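Peer 1: let's see this in three dimensions:
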Amino acid sequence: MLVLSVSGLIDGLARLVPKPVIRGIQFGLALQLATLALKEYVPADGLPGYALAAAAFLVTAVLLGNRRWPAALFVLALGVAYGLLFKLDLTTAHRAVGLHLPGWQVPTWENIKYGAILLALPQIPLSLGNSVLATKQVVEDYFPERPLTVRQISFTYGLMNLVNPFLGGFPVCHGSGGMVGHYTFGGRTGGSVVLYGLLFLTLGLVFSQGFQQVVQIFPLPVLGVLLLFEALSLATLLRDVSGARSELLLALLVGLLCSGLPYGYLLGLVVGTSLYYAMQRGWVGLGK
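Peer 2: Model (predicted):
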């Protein structure tokens with residue numbers, strides 16, 4: 001990703017992939033998030049979880065779009081209160097507390113080899129589609145007055161993943177879904193991301209000995225509701241290709257490929273882009 005950014009090749013790829021394909025990638029992500037939310041997260045705690053999800057859904061539906069009282073604050077507060085009351089294990093929490101700084105680690109050649117083959121290469125299509133191209137499109141949608149280039153996005157992506165391994169970190173990326181989620185629940189400035197990052201820094205530094213147990217206190221049904229509304233917001237981005245039936249059908253096809261098949265994002269990018277240019281030349285038609 002860093003090579004694509006520094007060399008400028010990422011700009012050529014961005015010009016090659018048309019907007020209906022990008023909208024399809026976002027729609028595919030929406031389908032995956034909605035499926036995860038409804039099939040795994042909302043039912044996670046049984047009957048009490050369904051009741052909690054219903055309460056979170058009601059709060060979100062009432063406050064969504066309210067700039068003075070952002071829905072996310074109340075939904076997160078509901079989830080934290082539920083977790084503290086019903087899921088907190090004081091013994092585990094007490095053992096987890098303690099200040100621990102990240103340890104310096106140097107990846108071995110075996111780490112690099114297997115990471116490249118098993119993680120990096122399969123991730124490239126999703127990274128190009130969602131983390132770079134779709135994220136840039138969301139920036140244009142929501143913040144047209146503050147443009148970002150695909151080169152800036154891919155450069156920070158590459159830089160983060162070159163630094164993380166030395167601190168014991170795992171691969172991270174930008175993402176159109178995350179930005180849409182922040183925006184949907186009231187985040188309009190970089191401050192929302194700063195607060196989000198500070199939360200995880202605090203958990204990592206102060207609760208690192210039991211981080212996995214601590215984060216599991218937050219109930220999955222509430223997270224499911226947040227993901228569901230994020231998915232709905234992602235899906236509504238299809239509206240700007242809905243005027244042309246062929247572009248809408250292409251976006252829907254790309255979304256189904258991305259969400260439903262192994263290596264779906266690779267297939268969605270390649271098949272969708274190829275079909276788009278074939279349609280432009282009149283070789284195939286998806287209707288008008």
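
Peer 1: quick one, what contacts residue 17?
Peer 2: 129, 133, 269, 273 (CB atoms under 8 Å, 6 or more residues apart in numbering). Placement of C-beta: from N, CA and C, glycine included.

Peer 1: just these now: which is nearest residue 120?
Peer 2: Using CB to CB, residue 129 comes nearest to residue 120 of those, at 15.2 Å.

Peer 1: per-residue pLDDT, the residue found closest to the closest one once you drop the neighbours it is linked to in the chain?
Peer 2: Leaving aside its sequence neighbours, residue 129 sits nearest to residue 25 (CB to CB, 6 or more residues apart in numbering; 4.4 Å). pLDDT for residue 25: 94.

Peer 1: what of residue 209?
Peer 2: For residue 209, pLDDT reads 74.

Peer 1: now it: how far from residue 99?
Peer 2: Plainly put, residue 209 is 10 Å away from residue 99 if you go by CB to CB, to the nearest Å.

Peer 1: the more surrounded of these two?
Peer 2: residue 209 (13 against 8; other CB atoms under 10 Å).

Peer 1: mind listing what the residue lying closest to the more buried one once chain neighbours are set aside touches?
Peer 2: Distances taken as CB to CB, 6+ apart place residue 96 nearest to residue 209, at 5.0 Å, with adjacent residues excluded. Counting by CB under 8 Å, 6+ apart, residue 96 makes contact with 207-211, 213-214.

Peer 1: any idea how many residues pack against residue 153?
Peer 2: For residue 153, using other CB under 10 Å, the count is 22.

Peer 1: who wins for neighbours among the contacts of residue 17?
Peer 2: Going by other CB under 10 Å, residue 129 tops these with 28 neighbours.

Peer 1: look up how far residue 219 lies from that residue.
Peer 2: 31 Å.

Peer 1: over to residue 237?
Peer 2: Taking CB to CB, one finds residue 237 at 28 Å from residue 219.

Peer 1: between these two, which is the more surrounded one?
Peer 2: Here residue 237 and residue 219 are set side by side on neighbour count (other CB under 10 Å), and the busier one is residue 219, at 24 against 21.

Peer 1: surely the more buried one meets residue 49?
Peer 2: Yes - taking contacts as CB atoms under 8 Å, residue 219 lies within contact range of residue 49: 6.6 Å.

Peer 1: just the helices in the stretch 1-150 of the chain please.
Peer 2: 2-7, 9-16, 19-36, 46-63, 71-86, 90-96, 109-115, 121-126, 135-142, 150-163 (DSSP state H, counting those that start in this stretch).

Peer 1: those: which one's closest to residue 230?
Peer 2: Here helix 19-36 is closest among the helices of the stretch 1-150 of the chain (CB to CB), at 6.0 Å.

Peer 1: so which bits of that closest one are buried?
Peer 2: Judged by neighbour count using 16 or more other CB atoms under 10 Å, the buried positions of helix 19-36 are 20-34, 36.

Peer 1: can I get that helix in CSV? Just the C-alpha atoms.
Peer 2: The C-alpha trace of helix 19-36 is given here as CSV (Å, rounded to 0.1, in the frame of the first residue of the first chain):
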residue,chain,number,x,y,z
LYS,A,19,-18.5,5.1,-8.9
PRO,A,20,-21.2,2.4,-9.3
VAL,A,21,-18.6,-0.2,-8.4
ILE,A,22,-17.6,1.8,-5.3
ARG,A,23,-21.2,2.1,-4.3
GLY,A,24,-21.5,-1.6,-4.8
ILE,A,25,-18.6,-2.2,-2.5
GLN,A,26,-20.2,-0.1,0.2
PHE,A,27,-23.5,-2.0,-0.3
GLY,A,28,-21.7,-5.3,0.1
LEU,A,29,-20.2,-4.1,3.4
ALA,A,30,-23.6,-3.0,4.5
LEU,A,31,-25.0,-6.5,3.8
GLN,A,32,-22.2,-8.0,5.8
LEU,A,33,-22.6,-5.7,8.8
ALA,A,34,-26.4,-6.2,8.8
THR,A,35,-26.0,-9.9,8.7
LEU,A,36,-23.4,-9.9,11.5
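
Peer 1: what packs against that helix?
Peer 2: Helices and strands touching helix 19-36, by 3 or more CB pairs under 8 Å, 6 or more residues apart in numbering; DSSP states H and E, are helix 135-142, helix 176-184, helix 220-236, helix 245-260, helix 264-280.
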